[in-house]
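Undergrad: Give the three-dimensional model of this entry:
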Amino acid sequence: MKHNMTQAATATQTTRAILMAVALLAAIPAMAMAAPTVELLSETAVSGNVVRLSDVAIVQGDGSDLLTGQIICPAPAEGETLLLSAERVRRRLLALSGRADIAISGAPACRIGKAAAATRTATEPDTGRTLRQTLLAHITTSVSRPAERLRVEFDDRDAELLAATETHYIFRLRGDSPPAIGSNSITVDVYEADRPQRLFRTSHIRFRVLLLEDVVVTVRDIRPGEILKAEDVRLERREFSSDDLSRNFRDPQHMVGATARVAMAAGKVVDIGDLSKTLLVQRGSAVTVYVEARGLTVRTISRALESGELGDVVAVQGKEGRGQFYAEVIGSATVRVRMAGAEAQAAASPASDDNQSVSMARRR
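TA: Next up is the predicted model:
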């Protein structure tokens, strides 16, 4: 009996020892390294050009001193705010430290503003230019157009990176081809300025380059078959995603007298396919000739030797082949000649032999 009690006591002590050993083994990892905790703030303001973890969160636990100085993202521009989500912080810390056990609590997102900057003295260096400015200079050089004739549209998803400055980063641009008018993309390698050999991130920036050019547009709605007048068109600056403007008009006067082939709404950029030539004077046809000289206008009938549009100068000959002169097309089957008085009578005389009507009226 006594022997059995002794065995039972020994078994109980052994079991207790095993349980204590297991508890100690389980506690060793926790004692060795407590996972850091990150409590995200709901709102903050930064004065620099980057946002570090210590700017947006309270960090505690083992390894917190290594995490607090980590750069999370570029800071917002002056007058702008940035909403940084807890999920984005988690992904950034995982990429930087490789630790998936970092617990993030606090606000679901932190709104970051730009702290008021101290007044810069004359001896202080100016801040570096942003990545946006660097890219704009590169694009302007590559496209070989003045900056005022270009408009560049960047993707909104790249706004934060584009606001980063050369004060804290070094930008290296890579691309298979130089930027051109239209849609483009370029690869940017970003290095920290104080550690230029360490690649901070690589991003692909998407952007579109638009060309600003003055072209002819319609002032009012134009119906098919209408002959355009000077007041129907005007020059207006428009955006183009291609630098091939060979089908567009640059001078409204080149369109006056042309016939609309299609309907055109007011404000439409006129294409050469929208118009056709309007031959107001046909070769070999009779034309009314107005000869102007010294306040008098002589009207007679002659024959056109050439076809012409509005404003063209065509050769005209009197009936019976008498005399030849040049006149400006001013309307349908109508031309005009400006000359001295004696020459005006000579130009009109061929028609008088053919019993054509000749009228003279003193111009007011």
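
Undergrad: which residues of the stretch 101-250 of the chain fall in helices?
TA: 131-143, 159-162 (DSSP state H, counting those that start in this stretch).

Undergrad: For residue 181, which of those helices is the nearest?
TA: Nearest to residue 181 among the helices of the stretch 101-250 of the chain is helix 131-143; the distance by C-beta to C-beta comes to 6.5 Å. C-beta here means a position set from N, CA and C on the backbone, and glycine is covered the same way.

Undergrad: of all the helices of the stretch 101-250 of the chain, which lies closest to residue 170?
TA: When the helices of the stretch 101-250 of the chain are compared by C-beta to C-beta, helix 131-143 sits nearest residue 170, at 10.4 Å.

Undergrad: Now do the closest residue to residue 135 other than its chain neighbours: how many residues are near it, please.
TA: In this structure, residue 135 finds its nearest non-sequential neighbour in residue 205, 6.7 Å apart by C-beta to C-beta, 6 or more residues apart in numbering. Neighbours of residue 205 under the rule other C-beta atoms under 10 Å: 20.

Undergrad: Dig out what residue 205 forms beta bridges with.
TA: residue 186 (DSSP bridges).

Undergrad: got the helices of the stretch 101-250 of the chain as CSV, with mean neighbour count columns?
TA: Putting the helices of the stretch 101-250 of the chain into CSV (neighbours: other C-beta atoms under 10 Å) gives the following:
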stretch, mean neighbour count
helix 131-143, 18
helix 159-162, 18
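
Undergrad: any chance of these in JSON lines, plus distance to residue 85 and mean pLDDT?
TA: Output for these, formatted as JSON lines (distance: least, C-beta to C-beta, whole Å; pLDDT from 0 to 100):
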{"stretch": "helix 131-143", "distance to residue 85": "23", "mean pLDDT": "91"}
{"stretch": "helix 159-162", "distance to residue 85": "13", "mean pLDDT": "90"}
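
Undergrad: Among those helices, which comes closest to residue 250?
TA: Each of the helices of the stretch 101-250 of the chain has some distance to residue 250 by C-beta to C-beta; the shortest is helix 131-143, at 19.5 Å.

Undergrad: correct me, but residue 69 touches residue 51?
TA: No - using C-beta atoms under 8 Å, residue 69 is not in contact with residue 51; the gap is 11.7 Å.

Undergrad: Looking at the two, which has the bigger crowd around it?
TA: Between residue 69 and residue 51, residue 51 has the larger neighbour count (other C-beta under 10 Å), namely 22 against 10.

Undergrad: Need phi/psi at that one.
TA: Backbone torsions of residue 51, given as degrees, to the nearest 10, read phi -110, psi 120.

Undergrad: tell me the contacts of it?
TA: Taking C-beta atoms under 8 Å, 6 or more residues apart in numbering, we find residue 51 in contact with 71-75, 82, 84, 112.

Undergrad: Neighbour-wise, give me the winner out of these.
TA: residue 75 (27 neighbours).

Undergrad: residues contacting it?
TA: The contact partners of residue 75, by C-beta under 8 Å, 6+ apart, come to 46, 48-51, 82, 112, 114, 163.

Undergrad: Next: residue 196.
TA: Going by C-beta under 8 Å, 6+ apart, residue 196 touches residue 170.

Undergrad: give me that answer again for 10 Å
TA: 169-170, 172 (C-beta atoms under 10 Å, 6 or more residues apart in numbering).

Undergrad: Distance-wise, check it relative to residue 166.
TA: Using C-beta to C-beta, to the nearest Å, one gets 12 Å for the distance from residue 196 to residue 166.

Undergrad: ok so, going back, only whichever of the contacts of residue 196 are buried, select them in ChimeraX.
TA: Applying 16 or more other C-beta atoms under 10 Å to the contacts of residue 196 leaves a buried subset, and the ChimeraX line that selects it is:
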select :169
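
Undergrad: Go through the contacts of residue 196 and say which is closest to residue 281.
TA: Checking the contacts of residue 196 against residue 281 with C-beta to C-beta, the nearest one is residue 172 at 65.3 Å.

Undergrad: Hmm, residue 203 and that closest one touching each other?
TA: No - the pair residue 172 / residue 203 is not scored as a contact, 11.4 Å apart, by C-beta atoms under 10 Å.

Undergrad: Report the set of residues contacting both of those two.
TA: What both residue 172 and residue 203 touch, as defined by C-beta under 10 Å, 6+ apart, is the set 187-190.

Undergrad: mind showing which ranges of the chain have poor pLDDT?
TA: In the predicted model, the chain carries pLDDT under 70 at residues 1-34, 63-65, 115-127, 340-364.

Undergrad: repeat that with 50
TA: In the predicted model of the chain, residues 1-5, 22, 24-32, 117-126, 342, 344, 347-348, 350-364 satisfy pLDDT under 50.

Undergrad: now the strands: where do they sit in the stretch 201-350 of the chain?
TA: Applying DSSP state E, counting those that start in this stretch to the stretch 201-350 of the chain gives strands spanning 233-240, 259-260, 275-276, 286-293, 296-304, 313-317, 324-331, 334-338.

Undergrad: Just put the ones you listed in TSV and tack on mean neighbour count and distance to residue 95.
TA: Shown next, in TSV, are the strands of the stretch 201-350 of the chain (neighbours: other C-beta atoms under 10 Å; distance: least, C-beta to C-beta, whole Å):
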stretch	mean neighbour count	distance to residue 95
strand 233-240	15	39
strand 259-260	18	61
strand 275-276	16	59
strand 286-293	19	82
strand 296-304	20	81
strand 313-317	17	75
strand 324-331	18	75
strand 334-338	18	80
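
Undergrad: Out of these, flag the one nearest residue 215.
TA: When these are compared by C-beta to C-beta, strand 233-240 sits nearest residue 215, at 5.6 Å.

Undergrad: tell me the contacts of the residue nearest to residue 135?
TA: 131-132, 135, 154-155, 157-158, 161-162, 173, 175, 184-188.
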